[in-house]
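> This is a predicted model, with the sequence first.
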Amino acid sequence: MSRLVIKGGKHLEGEVYIHGAKNSSLPVLAATILCGDICEIHNCPYLTDVDASLKILNYLGCTALRENDKIHVDSKILIHSDIPDKLMHEMRSSIIFLGAVLARTGRARLSFPGGCDLGSRPIDIHLKALRQMGASIEVEKGIIDCRTEGRLKGAHLQLTFPSVGATENIMIAAATARGETIISNAAREPEICDLAAFLNACGAKISGHGGGVITIEGVETLHGCSHTIIPDRIIAATYLAAAAVTGGKIKLNGIVTDHLTPILAAFEESGCLIEEEAEGSITITAPKVLKPMKDIRTMPYPGFPTDAQAILMSVAAVAEGTSVFVENIFDNRYKHVGELRRLGANINLEGKVAVVEGIKRFSGADVQSTDLRGAAALVIAGLNASGETRITRLRHLDRGYDGLVESLNLLGADITRM
Ligand code: EPZ
């Protein structure tokens, strides 16, 4: 099993380019199924979750192949409308294929997405919406079997929670449905807007995305297009945290600053200096001593993103004072706390609340990744720690980080992947 060995304490300085967003690449790749044509998706990161999406597309009958950061998908011919269990379990978020396969073929069979590291991952909002759009859905023995006679029907949908995945599945299913679909209490994340931009480039008629109400006027067919994926705001947060905990100074290029507003506010509260440079670039300069973050509450966008919670907790763990986190999105997203404690962190958990008493510095130790963003939090802690930190279960990191070790070493870190 491969592991990272990090010799902490190096100041990080330099520049880094932020790659395309995993959580935009996955729904956009799924949506290419709707077009029955050729799509070119640019700025797709090299991630195992993206590889898993390509496997699913090829299994379904598409020709999906990567040419550097561009992925070419020809979805003219589909030969399956089921996703095998093995492929479903390779990627938790493969539920995002449901709307696309159902809308394109009239049928979709896939296994219930496995629980994951963040607790139960229900899909009740997805299924309720698709039923309202005319799909008949049977769920038994862990298999979801969906059918629709002819095209799906537009509907007025009120989401009980602004679920990102459910909003994406509905947008995809509604793009070629008969009539108008309105999604109230829709997710507002930048990845939702990127998916809408892709679908509209394919001829869909979507408006209101980015706000709480999205309107989709169904069209008969879509055509292929060329689309560039937005930069990954959580990857950006990761490099900002690397600078913060090493007293460093890093310039981030290729970002959309507006997507980072709640994240930048947290870093400024910790005493970091954030300077906006040219379009799409910012520079972070860490203070000598980090200040605590009094009240980090994870919320749907534009609130503080749950995916940055573990990463900012590693920063708070070495601030001077007490920080408080409240995880409102997932019911089990503190699994990294135990491993941070092994590195010396002083964190108390009370249900959704984590109280972090800052320590001077992490102390290197052997730790195990628990999930994707928890793995990133351990890397951040290792960069700060005295001595060596060894991190195992790197498959979690490989799901969401493209070139993290190489980029951090270029900034002055000392990380070896054994
Ligand atoms: C997406 O997951 C992201 N994944 C997650 O990123 C991210 O943490 C999450 O959105 C929230 O921003 C991808 O985009 C591939 P949700 P998703 O549906 O769509 C509950 C990462 O690290 N819920 O908005 O699964 C659910 O249990 C990953 O990159 C229902 O109850 O998130 C959770 O508590 C981790 N019923 C909350 O809503 C449903 O039908 C948010 O889930 C759907 C969701």
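Cool, the structure landed.
> can you list contacts of the helix or strand harbouring D51?
Element membership for D51, per DSSP states H and E: helix 48-60. Helix 48-60 is contacted from outside by 22, 25-26, 29-30, 32-33, 44, 64-66, 71, 73, 75, 78-81, 83-84, 87, 90-91, 93-94, 97, 101, 395, 398-400, using C-beta atoms under 8 Å, 6 or more residues apart in numbering. Where you see a C-beta, it was placed from the backbone N, CA and C, and this is true even at glycine.
> what's the helix or strand immediately after that helix in the chain packed up against?
Sequence order places strand 63-67 as the next helix or strand after helix 48-60, per DSSP H and E. Contact here means 3 or more C-beta pairs under 8 Å, 6 or more residues apart in numbering; DSSP states H and E; on that basis strand 63-67 packs against helix 48-60, strand 70-74.
> tell me the secondary structure for the closest residue to S226 other than its chain neighbours?
Spatial nearest neighbour of S226, excluding adjacent residues (C-beta to C-beta, 6 or more residues apart in numbering): E40 at 4.4 Å. Using DSSP: H, G, I helix; E, B strand; the rest coil, the secondary structure recorded for E40 is strand.
> So which bits of this structure are right by the ligand?
Counting by C-beta under 6 Å from any ligand atom, the chain comes close to the ligand at 22-23, 26, 93, 121-126, 161, 163-166, 306-307, 329-330, 372-373, 400.
> Selecting buried members of the residues you listed in ChimeraX, what would you type?
Per 16 or more other C-beta atoms under 10 Å, the buried members of the residues of the chain next to the ligand correspond to this ChimeraX selection:
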select :22,23,26,93,121,123,125,126,163,164,165,166,306,307,329,330,372,373,400
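> what's near enough to touch the residue nearest to S226?
By C-beta under 8 Å, 6+ apart, the neighbours of E40 are 70-73, 224-227.
> do G179 as well
153-154, 218.
> and the residue nearest to S226, bridged to which residues?
In this entry, E40 is beta-bridged to H72, S226, by DSSP bridges.
> From the ligand, how far off is it?
Counting by C-beta to the nearest ligand atom, to the nearest Å, the gap from E40 to the ligand is 21 Å.
> picking up where we left off before, tell me which of the contacts of E40 is nearest to D366?
Nearest to D366 among the contacts of E40: I71, at 36.8 Å, using C-beta to C-beta.
> Pull the number of nearby residues for that closest one.
24 (other C-beta atoms under 10 Å).
> same thing with S81?
So S81, with other C-beta under 10 Å, has 19 neighbours.
> quick one: buried residues of the helix holding D51?
48-50, 52-57, 59-60.
> again, but for stretch 74-93
Burial within stretch 74-93, assessed by neighbour count using 16+ other C-beta under 10 Å, is assigned to 74-75, 81-83, 87-88, 90-93.
> Run through the helices of the stretch 1-150 of the chain in chain order.
22-31, 48-60, 85-90, 98-105, 124-132 (DSSP state H, counting those that start in this stretch).
> mind checking which of those helices is nearest D258?
Checking the helices of the stretch 1-150 of the chain against D258 by C-beta to C-beta gives helix 22-31 as the closest, at 14.8 Å.
> Model confidence at the closest residue to the ligand within the stretch 51-200 of the chain, what's the number?
With C-beta to the nearest ligand atom as the measure, G165 is the residue of the stretch 51-200 of the chain nearest to the ligand, at 2.8 Å. G165 is assigned a predicted lDDT (pLDDT) of 97.
> Please, which helix or strand holds it?
Applying DSSP H and E, one finds G165 within helix 164-175.
> hey, C-alpha coordinates of that helix in CSV?
Output of helix 164-175 as CSV, limited to C-alpha atoms (Å, rounded to 0.1, in the frame of the first residue of the first chain):
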residue,chain,number,x,y,z
VAL,A,164,-26.3,19.4,-5.3
GLY,A,165,-26.7,15.9,-6.8
ALA,A,166,-30.4,16.0,-6.9
THR,A,167,-30.4,19.4,-8.6
GLU,A,168,-28.0,18.1,-11.2
ASN,A,169,-29.9,14.9,-11.9
ILE,A,170,-33.1,16.9,-12.3
MET,A,171,-31.5,19.5,-14.6
ILE,A,172,-30.2,16.7,-16.8
ALA,A,173,-33.5,14.8,-16.8
ALA,A,174,-35.5,17.9,-17.5
ALA,A,175,-33.4,19.2,-20.4
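> Next SSE downstream of that helix?
strand 180-184.
> Hey, what's the angle from that following strand to helix 164-175? Just curious.
170 degrees (axes from the mean of the first three to the mean of the last three C-alpha atoms, to 10 degrees).
> quick revisit: need the helices of the stretch 1-150 of the chain in JSON lines (columns: mean pLDDT).
What follows is the helices of the stretch 1-150 of the chain, written out as JSON lines (pLDDT from 0 to 100):
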{"stretch": "helix 22-31", "mean pLDDT": "98"}
{"stretch": "helix 48-60", "mean pLDDT": "96"}
{"stretch": "helix 85-90", "mean pLDDT": "88"}
{"stretch": "helix 98-105", "mean pLDDT": "98"}
{"stretch": "helix 124-132", "mean pLDDT": "97"}
